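[1] What would the 3D arrangement of this be:
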Amino acid sequence: MAQHYFNRYIWLISTIKTNGPITLKELGKKWKESPLNETRDNLYERTFHNHRMAIEETFGIKISYTRPDGYYIDTDSLEDGSFREWMLDCLQVNNLLEESSGLHDKILLESIPSGGKWLNVIIDAIKSKRALEMTYKSYSKDFPSTFTAHPYCLKLFKQRWYLLAKSEDWETPRIYSLDRIQELDISKKKLLVPERFNAQEYFSQNFGIIVDKNIKPCLIEIWADSTQANYFKSLPLHHSQAIKEEDDDGTVFQYFLAPTYDFMQEVLRYGSGVQVLSPSNLVEKIKSEIDNMVQLYK
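    Here you go, the predicted structure:
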């Protein structure tokens, strides 16, 4: 796909998502004024419909029409999961940054550890149903190890890409951070992944990337002060989040998930603005961790 066409597709998707429903005349005016349109081309109706069909074929995103308001992103084309919603947001941000290139020193982005270079290799392996030959250096080991890994899925968490894969040396799949991979090639071995494996279900009762079968999901209650509660309401910690009760001082939230290490770390980072109320064993673990932290500052 030519790069200029790709940029146009991104521009159309993000512009319609932001302004839709929008008429073709209004789209044409915005395209004329866009910094991406360096030659000041017109957006002709035939060209628009060609782009519209290409967008649906390439991204699976459908641009529909309603009279007399105009064109809009059909949310039905996004119902198969959160991936397309995530992709749509990325395209919109990408378009915004492209149009604001003259403001590069006014837009500050967070750095992301390397690892993205392995995404194409992993995706190609999954598509071609092949295993991977991976050389991986764990933080807990002095030397890297090379082994065959069967990729199950990719997961983005806290600015890092992770691969869930099963090594032939382990009975269950494990998590590997892409920025710790040193070498990666597609193997000739056939990919061995259970037919009924569902990535969403696998992580659904966990907070982040840790899935420990020895830690069972349970009902967790957390109190958050009025300020922090607003953040949790706008961006829930977990899809199971529900409000049990609230008053002027704060809100009690309920979750059903496995209280793994990464969930405990997430709770602790909010300091005194958050308190774990139950279950009692999780409360004790949090207390113990806080006591250990206090000892460091004595």
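[2] Next up, phi/psi of Phe207, please.
    Backbone torsions for Phe207, taken as degrees, to the nearest 10, come to phi -80, psi -50.
[3] I'd guessed it sits against Gln265; true?
    No. Contact between Phe207 and Gln265 fails when scored by Cβ atoms under 8 Å: they sit 9.2 Å apart. Where C-beta positions appear, they are placed from N, C-alpha and C, glycine not excepted.
[4] Of those two, which one has the most company?
    Neighbours of Phe207 and Gln265, each counted by other Cβ atoms under 10 Å, are more numerous for Phe207; the result is 21 against 13.
[5] Going by secondary structure, the nearest residue to the more buried one once chain neighbours are set aside is in what exactly?
    Nearest non-adjacent residue to Phe207, counting by Cβ to Cβ, 6 or more residues apart in numbering: Phe263, 3.9 Å away. Phe263 is located in helix 261-268, with elements delineated by DSSP states H and E.
[6] how about that helix: buried residues?
    By neighbour count on 16 or more other Cβ atoms under 10 Å, the buried set for helix 261-268 is 263-264, 266-267.
[7] for stretch 173-192, same thing?
    Of the residues in stretch 173-192, those buried (16+ other Cβ under 10 Å) are 173, 176-178, 180-181, 184, 186, 191.
[8] same question, stretch 207-218
    Going by neighbour count (16+ other Cβ under 10 Å), the buried part of stretch 207-218 is 207-211, 215.
[9] mind checking the end-to-end distance for that stretch?
    Taking Cα to Cα, to the nearest Å, stretch 207-218 runs 12 Å from one end to the other.
[10] Next: stretch 227-243.
    Using Cα to Cα, the two ends of stretch 227-243 sit 15 Å apart.
[11] The nearest residue to Lys213 once chain neighbours are set aside and Thr135: what is the separation?
    Closest residue in space to Lys213, ignoring its immediate chain neighbours: Thr172 at 7.5 Å, by Cβ to Cβ, 6+ apart. As judged by Cβ to Cβ, to the nearest Å, Thr172 and Thr135 stand 21 Å apart.
[12] If anything else comes up later, I'll come back, but that's it for now.
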